[in-house]
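# Turn this into a structure:
(2 chains)
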Amino acid sequence: MAGISIELLLASLMVAATPILLAAIGELVVEKAGVLNLGVEGMMITGAICGFAVAVETGSPTLGFAGAALGGAALSVIFAVLTQLLLSNHVATGLALTLFGLGFSALIGQGYVGVKPPSTPQINLGVLSDIPFLGPVLLSHDLMVYLGLALVAAVWAVLKFTRTGLILRAIGESHDAAHALGYKVVRLRFLAILFGGASAGLGGAYLSLVRVPQWTEGMTAGAGWIALALVVFGAWKPWRVLLGAYLFGGVSVLQLNLQAAGLKVPVELLSMSPYLITILVLVIMSADKRRAALNAPAALGRVFHATT
Amino acid sequence: MPQFLKSALAGAALALALGLPATADEPTKVGFIYVGPIGDLGWSHEHDQGRKAIEEAFGDKVQTTYVESVPEGADAERVLTQMALSGHDLIFTTSFGYMEPTLNIAKKFPNVKFEHATGYKQAPNVSTYSARFYEGRAVIGHIAGRMTKSNKIGYIASFPIPEVIRGINASYIHAKKANPDVEMKVVWVYTWFDPGKEADAAKALIEQGVDVILQHTDSTAPMAEAEKAGNVIGFGQASDMSQYAPSPRVSAIIDNWAPYYIDRVQAVMDGTWESVATWDGIADGMVKIGEMTDAIPADVQEEAQAIADAIAAGDYHPFTGPLNKQDGTAWLAEGETADDGTLLGMNFYVEGLEGDVPN
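Predicted structure coming up:
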């Protein structure tokens, strides 16, 4: 691979993967709780503009990201109220949320087109960032990249080792049984949806504040749908979702670099490679049908109504 | 016949009777479909400026509607059907990928007039129109060749269609002429609008040592990336993108659709509309070169302006021989200029460009 710096490539991989990773890990929790929220794209783009607007107005990217999380969560409240309290269909409501988010963000964004956001600082680890190879690849990013990784680890640990995680999974498997045991199905799902909204919002803001950085209508351009697909192909497992996000982000960046470096591989092949490779790897990993089926939350997308 | 059905039919007949003859005071209805959001600050934004110009020119004699971010393909047909059914007289379909959908729907609605941008297939009620963007690309190609210090120019290409390939060739020829050491790196992103991907492509090019970025995608994301890199310049695409002036945006190719749109709406009102294939350039004002900023040295500005003026005056054609195709076979002899047919179907690189044109 003449002329491609592996260091730079791996470093930009982490940047490219972070938006979908954040959105996907949020959606994973939502789906584990038995809720299918197809509004990820809408929450992402809302987060993108909320984060952008707050960062521009306050001059602080940190507040921007906080605003993005709030914005994404606020939008998800609509979904939570409709599906959990008014018992509407998850799929239809989620799709509506995406449409609403796209339009709503365009409306808020009217005054922010062409505005430049304050730049998000990279963390400064002093000498650590100077370590050859590891420094530039792993240790010289902004905080959000690490937050994404930390979130994956946290979600994994909570789902696997804590009582809260157990209850959440129980609700996702059978809300009736969980309800009969006295767990607050609606309340917990509400919280899961909020978490998903906040994560998607952060992912969107990462796009508008770091990766691009600017506000453009419709700028998520399908990233939310990729995140949704990652959750399924990653068989609802946090580390696989991480792998999927890095694979997708990595191959996307790699193929552009290969093109720029003039590699003699048909461009068509390179262009489809992110989708192809990600799906292939994750499908092979989840090839055991029985175990994959066990991972899918049994109550996913089913409306819960407490009869007793 | 049940009563409700009778009245429904009567109602429909009444609606038809009222709908068919366009009375004098009924506004002409003009529809637009855009491939991106009107806030992309690029391609779709400029078409929407054209739409607004129609409203301004005709006031309440005209009614315009638009649908943005319409995917190329089946979705486009759905939107077009909806527009045709809701009484539009003239519909502009503003992306190459709407070609087949436009023709399909036009066949079903012979009384509705369609205008398809950048395509090459006409029908009795389908006109095509496009701008000779390659004239503008020749001018910025020259600036790029003169301004690059690394002798590497990056090109973010969307889809391998003649229009895009023409742009790559035109800018390469003139960059090379201005600077024989120049090398052009082309990256295909297979999208018209995806800021994240466009930014990634720009980043990949910059990592490869490129210090001038030309783009054939619609968002300003590559410009933001160039700004981040610091010593990289770019050009506004389709729209002025002056938010990034004076640098990285040092100039721009601007599409100016308004005069054409106003003409065509007038033709519909006068009943003189007929199917044509329009392809105008700098001379007719359909392609404009955005203001060159001070980041461009004065002598380079003058040279670029001279090229633009020569093209406008008809003294110079951006594709003038001697030119060879990429494989070394002769294409244009000394002094020979390319004919429109070849340009419209261009599917090859000129000599010197590396890589293959994707199929």
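# from here on, contacts and neighbour counts on C-alpha atoms
Noted.
# contacting residues around stretch A:47-59?
By C-alpha atoms under 8 Å, 6 or more residues apart in numbering or on different chains, the residues outside stretch A:47-59 that reach it are A:60-72, A:105, A:108-109, A:112, A:116-118, A:198, A:200-209, A:214-215.
# if we go to 7 Å?
Residues outside stretch A:47-59 that contact it (C-alpha atoms under 7 Å, 6 or more residues apart in numbering or on different chains): A:61, A:63-65, A:67-69, A:71-72, A:105, A:109, A:117-118, A:200-202, A:204-205, A:207-209, A:215.
# Equivalent analysis for stretch A:203-219, please.
A:15, A:18-20, A:22-23, A:44-45, A:47-49, A:51-52, A:65, A:68, A:102, A:106, A:112-117, A:120, A:220, B:37, B:39-40, B:194-196, B:199, B:221, B:224-225.
# ok but residue A:118 is inside a strand, no?
No - according to DSSP: H, G, I helix; E, B strand; the rest coil, residue A:118 belongs to no strand; its state is coil.
# ok so, going back, from the contacts of stretch A:203-219, which land in helices?
Among the contacts of stretch A:203-219, the ones falling in helices (DSSP state H) are A:15, A:18-20, A:22-23, A:44-45, A:47-49, A:51-52, A:65, A:68, A:102, A:106, B:195-196, B:199, B:221, B:224-225.
# Tell me the residues of the stretch 51-200 of chain B that contact chain A?
Contact residues, the stretch 51-200 of chain B versus chain A (C-alpha under 7 Å from any C-alpha of the partner chain): B:185, B:186, B:187, B:194, B:195, B:196, B:199, B:200.
# Provide a list of residues in contact with the last one.
The one in question is residue B:200. residue A:253.
# Ramachandran coordinates for the residue of chain A found nearest chain B?
Nearest to chain B in chain A, going by C-alpha to the nearest C-alpha, is residue A:257, at a distance of 5.0 Å. The phi/psi pair for residue A:257 (degrees, to the nearest 10) reads phi -70, psi -40.
# Need the nearest residue in space to it, chain neighbours excluded.
For residue A:257, ignoring the flanking residues on the chain, the nearest one in space by C-alpha to C-alpha, 6 or more residues apart in numbering or on different chains is residue B:204 at 5.0 Å.
# and the one you found, helix, strand or coil?
Classified using three-state DSSP, residue B:204 is helix.
# Those residues of the stretch 251-359 of chain B touching chain A, which are they?
For the stretch 251-359 of chain B, the residues in contact with chain A (C-alpha under 7 Å from any C-alpha) are B:355, B:358.
# Low-confidence ranges, the stretch 251-359 of chain B, go.
Within the stretch 251-359 of chain B, no range satisfies pLDDT under 70.
# Run a quick neighbour tally on the residue of the stretch 151-300 of chain B found nearest chain A.
Proximity of the stretch 151-300 of chain B to chain A (C-alpha to the nearest C-alpha) peaks at residue B:204, 5.0 Å away. Residue B:204 has 27 neighbouring residues, counting by other C-alpha atoms under 10 Å in any protein chain shown.
# In this structure residue B:119 contacts residue B:99, no?
Yes - contact criterion C-alpha atoms under 7 Å: residue B:119 and residue B:99 qualify, at 6.0 Å.
# shouldn't the residue of chain A closest to chain B be in contact with residue B:206?
No - counting by C-alpha under 7 Å, residue A:257 sits too far from residue B:206 to count as a contact (9.7 Å).
# Tell me where the stretch 1-150 of chain B has strands.
Using DSSP state E, counting those that start in this stretch, the strands found in the stretch 1-150 of chain B span residues B:28-33, B:62-67, B:90-93, B:113-117, B:126-131.
# Neighbouring strands - and their directions - for the shortest one?
When you say that, I think you mean strand B:90-93. Its sheet considered, strand B:90-93 pairs with strand B:28-33 (parallel), strand B:113-117 (parallel) by DSSP bridges.
# quick one: buried residues of the helix or strand encompassing residue A:42?
In the assignment (DSSP states H and E), residue A:42 maps to helix A:40-58. For helix A:40-58, a neighbour-count test (16 or more other C-alpha atoms under 10 Å in any protein chain shown) marks A:40-56 as buried.
# Could you export the strands paired with strand B:90-93 as JSON lines, including mean pLDDT?
As requested, the strands paired with strand B:90-93 are arranged in JSON lines below (pLDDT from 0 to 100):
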{"stretch": "strand B:28-33", "mean pLDDT": "96"}
{"stretch": "strand B:113-117", "mean pLDDT": "95"}
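# Kindly reformat these as a markdown table containing mean neighbour count.
As requested, the strands paired with strand B:90-93 are exported to a markdown table (neighbours: other C-alpha atoms under 10 Å in any protein chain shown):
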| stretch | mean neighbour count |
| --- | --- |
| strand B:28-33 | 22 |
| strand B:113-117 | 26 |
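# Take those strands and lay them out in JSON lines including distance to residue B:73.
Output for those, formatted as JSON lines (distance: least, C-alpha to C-alpha, whole Å):
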{"stretch": "strand B:28-33", "distance to residue B:73": "12"}
{"stretch": "strand B:113-117", "distance to residue B:73": "14"}
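# With residue B:57 as the reference, measure out to residue B:232.
40 Å (C-alpha to C-alpha, to the nearest Å).
# Between those two, tell me which one has more neighbours.
residue B:232 (23 against 14).
# Can you tell me how far the closest residue to that one other than its chain neighbours is from residue A:256?
Excluding the flanking residues, the one nearest residue B:232 by C-alpha to C-alpha, 6+ apart is residue B:211, at 4.5 Å. As judged by C-alpha to C-alpha, residue B:211 and residue A:256 stand 17 Å apart.
# go on, residue B:90?
Counting by C-alpha to C-alpha, the gap from residue B:90 to residue A:256 is 40 Å.
# now do residue A:262
Applying C-alpha to C-alpha to residue A:262 and residue A:256 gives a distance of 10 Å.
# Give me the pLDDT value at residue A:162.
Looking at residue A:162, its pLDDT stands at 95.
# what about it, how many neighbours?
Summarising burial for residue A:162: neighbours were counted as other C-alpha under 10 Å, giving 12.
# so how far is residue A:152 from it?
Separation of residue A:162 from residue A:152 (C-alpha to C-alpha) stands at 15 Å.
# quick one, phi/psi of residue B:183?
The phi/psi pair for residue B:183 (degrees, to the nearest 10) reads phi -130, psi 140.
# And residue A:61, by the same measure?
Note on residue A:61: backbone dihedrals following degrees, to the nearest 10 are phi -60, psi -30.
# The nearest residue to residue A:41 once chain neighbours are set aside: how many residues sit nearby?
Closest residue to residue A:41 apart from its sequence neighbours, by C-alpha to C-alpha, 6+ apart: residue A:224 at 4.0 Å. Residues lying near residue A:224 (other C-alpha under 10 Å) number 28.
# What strand or helix carries residue A:224?
Per DSSP H and E, residue A:224 falls inside helix A:223-233.
# just the helices in chain B please.
B:3-19, B:43-58, B:74-85, B:99-108, B:133-147, B:162-178, B:195-207, B:221-229, B:258-270, B:298-313, B:340-344.
# between those helices, which gets nearest to residue A:188?
helix B:195-207 (33.8 Å; C-alpha to C-alpha).
# How far does the closest one sit from its chain's centre?
21 Å (C-alpha atoms, centre = their mean, to the nearest Å).
# any low-confidence regions in chain A?
Looking at chain A by pLDDT under 70, you get A:1-3, A:124-126, A:289, A:291-294, A:308.
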